[in-house]
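K.L.:
Sequence and predicted model, in that order:
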Amino acid sequence: MKNELELLVALQKRDFALDKLREKSVELPQQMGSNDSALVSQRANLEDAKNNVKRLQLSKKEKELELSTKENDIKKHNMELNTIKSNDTYKALLSEINTAKLSVSAIEDDILNIMEGIEKESKRVKEEEAKLKAEETQLAAKNVQLKSELDSFMAELAKLEVEREEFAKQIPNDLLSSYEGIRASRQGIAIVPLEGENCGGCGMNLRAQNINDIIKGQEVVCCDSCQRILYRPNEPQVEKK
C-alpha cells in the first residue's frame, strides 16, 4: 500500500501540472477575445466621426436649400418693387427684402460654420481610421503570438495527458477511482501528507488510531473531515496548489 500511495502522490503532481496547462489553455483564447474587444471602442470612435460628417453634410444641404429660397424671395421682391405704386406697400416690401438679406447673411455664416465642422470631422475620420488600422495590425500580431503559444500548450497538454494515463495504470482501479472522485470534489487535491497529528489538507486533528494506520502504511486512511487520502511523507511534502 505504501508504494501505491507514493504512486498517488506522483500522480497528483502530474495532475497539478496538467491543471496549470488546462488553465492556460483557457486563458489564452480569453485573452485573444479580450484583444479583439479592445477594438470595439476604436471602431465606435470612427463610426461617431463618420456619423458626424453625414449629419453635418445633411445640415449643409438643408441650409443651402433655405439660402436658395431666401435668395429667390429677394429676387422676386425686387422685381415687384417696380410694379408697386403705393408708398406704404413699397416700404413694406423693401423691409421684407432687407429682412431676407439679413437672413441670407446669417444662413451663409451657418453654412461656413458647418463646412468648418465637416472639415474637422473629416480630418478626425482619417485619424480614427489610421488609429484603428494601427491597432488592428498590432493586435493581429499579438493574436498570432498567442495562437502559437496556445498550440504549444495544447501539444504539451496532449502529451502529458497520454503520459498521465500510462502512469495511472500502475495504480489499482478502485484506489484510482477513489483518488479521482476526491480530487474532483476537493479543488484538485486528493492526497495530502500527515503533518504532526493533523491532516495536511484541512488541518483537522486526527484520531490516534488513524495516525497509527497512516504510519504503518498498510491501508488507505482518509481524513474524517475533508475525506482526503493521507500518507506519511518520507521526502519533502507533496506540493500544494
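P.N.:
That came through, no problem.
K.L.:
how does the chain divide up, domain by domain?
P.N.:
Following automatic domain parsing, the chain resolves into domains at 24-168, 173-231.
K.L.:
did I read that right, residue 230 in a strand?
P.N.:
Yes - per DSSP: H, G, I helix; E, B strand; the rest coil, residue 230 lies within a strand segment.
K.L.:
wait, doesn't it sit right on residue 210?
P.N.:
Yes - judged on Cβ atoms under 8 Å, residue 230 makes contact with residue 210 at a distance of 7.4 Å. (Each C-beta comes from the backbone N, C-alpha and C, glycine too.)
K.L.:
before we move on, back to that, mind checking the domains of the chain for the one nearest to residue 4?
P.N.:
domain 173-231 (6.0 Å; Cβ to Cβ).
K.L.:
pLDDT averaged over that closest one - what is it?
P.N.:
Regarding domain 173-231, the rounded mean pLDDT is 94.
K.L.:
Would you work out how far apart the start and end of it are?
P.N.:
19 Å (Cα to Cα, to the nearest Å).
K.L.:
quick one: that domain to chain centroid distance?
P.N.:
Relative to the chain's own centre, domain 173-231 is displaced by 40 Å; criterion: Cα atoms, centre = their mean, to the nearest Å.
K.L.:
cool, and stretch 57-70?
P.N.:
With Cα atoms, centre = their mean, you get 45 Å for stretch 57-70.
K.L.:
mean confidence for it?
P.N.:
96.
K.L.:
And residue 235, what's its pLDDT?
P.N.:
47.
K.L.:
Residue 86 now?
P.N.:
For residue 86, the predicted pLDDT is 89.
K.L.:
do residue 239 as well
P.N.:
47.
K.L.:
Point out the other helices and strands that the helix or strand hosting residue 178 packs with.
P.N.:
Assigned by DSSP states H and E, residue 178 falls within helix 173-185. For helix 173-185, the packing partners by 3 or more Cβ pairs under 8 Å, 6 or more residues apart in numbering; DSSP states H and E come out as helix 2-81, strand 229-231.
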